[in-house]
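Participant: Prediction below, plus the sequence it came from.
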Amino acid sequence: MIVLALVGVLLLAVAGCVCVVWASRGGPRWVRGVATVTLGLGEVVRVLGRSGSGSRSSNSGSDD
């Protein structure tokens, strides 16, 4: 059951990416709307991921 839910989320993400590419090439209005929602959700996920990364070590760039 969980696998089906993850496959569904994956398919929605792929469809959103297709709409973003299609909208950048001048697709119909509904494609531009889906692309806007997809980019907005991506920004939300990026911001939430950044706020959760504060618990990781801050010296990840030094390999001394």
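Facilitator: That came through, no problem.

Participant: center of this protein, which residue is that?
Facilitator: Nearest to the geometric centre of the chain sits G42, at 3.5 Å (Cα atoms, centre = their mean).

Participant: quick one: it and G16, what's the gap?
Facilitator: In this view, G42 and G16 are 8 Å apart by Cβ to Cβ, to the nearest Å. To be clear about C-beta, it is placed using only N, CA and C from the backbone, and glycine gets the same treatment.

Participant: low pLDDT regions in the chain?
Facilitator: Along the chain, segments meeting pLDDT under 70 span 53-64.

Participant: Next, the buried residues of stretch 4-22.
Facilitator: By neighbour count with 16 or more other Cβ atoms under 10 Å, stretch 4-22 contains the buried residues 16, 19-20.

Participant: got it, and stretch 42-53?
Facilitator: Within stretch 42-53, no residue counts as buried by 16+ other Cβ under 10 Å.

Participant: Return that stretch as PDB; C-alpha atoms alone will do.
Facilitator: Only the C-alpha atoms of stretch 42-53 are listed here, as PDB (Å, rounded to 0.1, in the frame of the first residue of the first chain):
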ATOM      1  CA  GLY A  42       9.300  22.800  -5.100                       C
ATOM      2  CA  GLU A  43      10.200  26.100  -3.400                       C
ATOM      3  CA  VAL A  44       8.200  25.100  -0.300                       C
ATOM      4  CA  VAL A  45      10.000  21.700  -0.100                       C
ATOM      5  CA  ARG A  46      13.400  23.500  -0.600                       C
ATOM      6  CA  VAL A  47      12.700  26.000   2.200                       C
ATOM      7  CA  LEU A  48      11.500  23.200   4.500                       C
ATOM      8  CA  GLY A  49      14.500  21.100   3.700                       C
ATOM      9  CA  ARG A  50      16.800  24.000   4.400                       C
ATOM     10  CA  SER A  51      15.200  24.700   7.800                       C
ATOM     11  CA  GLY A  52      15.600  21.000   8.700                       C
ATOM     12  CA  SER A  53      19.300  20.900   7.800                       C
END
